[in-house]
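Participant: Build me a model from this:
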Amino acid sequence: MNKLNRIPATVITGFLGAGKTSMIRHLLQTANGKRLALIINEFGDMGVDGNILKACGAENCAEDDIVELANGCICCTVADDFVPTMEALLNRPDGIDHIIIETSGLALPKPLLKAFNWPAIRTRITVDGVVTVVDGPAYAAGLFADDPDAVAAQRADDDALEHDSPLAELFEDQLACADMVVINKSDLLSADDAPRVNQDLQAALRPSVRVVSAQHGAIDAATLLGLDAGAEADLANRPSHHDDEDDHEHDDFESFVLTFAAIADPEALLAKLRAAAATHDVLRMKGFIAVAGKDMRLLVQGVGDRYQHYFDRDWTPDEVRESRLVVIGLHGLDEAAVRAMILD
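Facilitator: Modelled structure (predicted):
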């Protein structure tokens, strides 16, 4: 069947905190009437990204069009979760124009691309493109850079990096699968760093892959959609560190959820989050916070010492006004110590 007769899907990947959800929100607002469906996959027990997108109010993507696959990596649960979800979306009587899939920051993109060749869906859908979102300032600082000398220096300075980093492999796999790379947070790059980051990334990519820059994930749908890559039929050109493995595990990562009462001072909480991230192997924290005296919930999400927070919407009458924060870190994360730093 010609791919013009199939529903296009865009896979949005990228490491934790790169800005995937912000980019999808902007995409929804610039889709020019396209009927979109979203599949949101998160690592952890709390569907923060899906909750954020459900509150965006975009007419072309109602709450019923957003499917969350939480607490399970989409590339590891293809048969149980992904394929049945795709079938359900494709069978909707009201139809859809495009499917957007936001993977967890810990997901390998290539196994997901392979799933589009499953007999149940392969004649009905095609991968329009894989978009990899990169945290520009983090990359500029040498995180996940393919530089043995820099990695050796990092390992010498930090006992936690004496082992091979699974994060570097994930990052490289995400770049290898990309049809477009978005350097996000470009406004935080210096005049010297911006061209260097662009050049270094371009050198690590296939020649046909476009690299674009963005602030706050603001890339329009006209740029992201319509890449016409047919990525599921181009797997040989997208090498992975895990090509010789039947599957993979996420034993290198773990997560837990903190639940606590309303807080009085958001800035004091943010200071505790930054301190906990700096002291322990915390990769990412995100969640919704109840603030005493406020009728709106506070969205908090960040990596390292960079945190974004704003009141996103009113608490609904049926919601319990409590704070819930998911913490994602490397295996061996000292949950008790992190809890103590944040909750004490």
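
Participant: Identify the single longest helix in the protein, thanks.
Facilitator: Longest helix of the chain, by residue count under DSSP state H: helix 266-279.

Participant: Tell me the buried residues in that one?
Facilitator: P266, L269, L270, L273, R274, A276, A277 (16 or more other Cβ atoms under 10 Å). For the C-beta atoms, the positions are set from N, CA and C on the backbone; glycine is no exception.

Participant: right, and the helix or strand after the helix or strand of the chain with the lowest mean pLDDT?
Facilitator: Every helix and strand of the chain was ranked by mean pLDDT, DSSP states H and E. The lowest is helix 148-157, at a mean of 42. Helices and strands here follow DSSP states H and E; after helix 148-157, the next one along the chain is helix 166-176.

Participant: Low-confidence bits of this structure, can you list those?
Facilitator: Low-confidence segments of the chain (pLDDT under 70): 1-4, 42-81, 144-166, 244-253, 304.

Participant: what about 50?
Facilitator: Within the chain, the ranges that satisfy pLDDT under 50 run 1-3, 43-50, 52-58, 71-73, 75-79, 145-165, 247-250.

Participant: Run through the helices of it in chain order.
Facilitator: Counting by DSSP H, the chain has helices at residues 20-29, 48-54, 83-90, 109-115, 136-140, 148-157, 166-176, 193-204, 221-224, 266-279, 335-343.

Participant: These into TSV, with extra columns for distance to T259?
Facilitator: Shown next, in TSV, are these (distance: least, Cβ to Cβ, whole Å):
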stretch	distance to T259
helix 20-29	22
helix 48-54	13
helix 83-90	28
helix 109-115	31
helix 136-140	29
helix 148-157	34
helix 166-176	27
helix 193-204	38
helix 221-224	35
helix 266-279	14
helix 335-343	10
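
Participant: what's the closest of the ones you listed to R122?
Facilitator: helix 109-115 (9.3 Å; Cβ to Cβ).

Participant: got the buried residues for the closest one?
Facilitator: P109, K110, P111, L112, L113, A115.

Participant: Tell me how far the fourth one lies from M180.
Facilitator: Distance from L112 to M180, counting by Cβ to Cβ, to the nearest Å: 16 Å.

Participant: got it, and Q199?
Facilitator: Counting by Cβ to Cβ, the gap from Q199 to M180 is 17 Å.

Participant: Strands of the stretch 1-150 of the chain, start to end?
Facilitator: For the stretch 1-150 of the chain, the strands defined by DSSP state E, counting those that start in this stretch cover 7-14, 36-42, 66-70, 98-102, 125-135.

Participant: do you know which of these lies nearest R206?
Facilitator: That would be strand 125-135 among these, by Cβ to Cβ, at 11.3 Å.

Participant: For the closest one, which helices and strands make contact with it?
Facilitator: Applying 3 or more Cβ pairs under 8 Å, 6 or more residues apart in numbering; DSSP states H and E, we find strand 125-135 packed against strand 7-14, helix 20-29, helix 109-115, strand 180-184.

Participant: how distant is that strand from the center of its chain?
Facilitator: A distance of 11 Å separates the C-alpha centroid of strand 125-135 from that of its chain, computed with Cα atoms, centre = their mean, to the nearest Å.

Participant: go on, stretch 215-233?
Facilitator: Its chain's C-alpha centre and that of stretch 215-233 lie 15 Å apart, by Cα atoms, centre = their mean.
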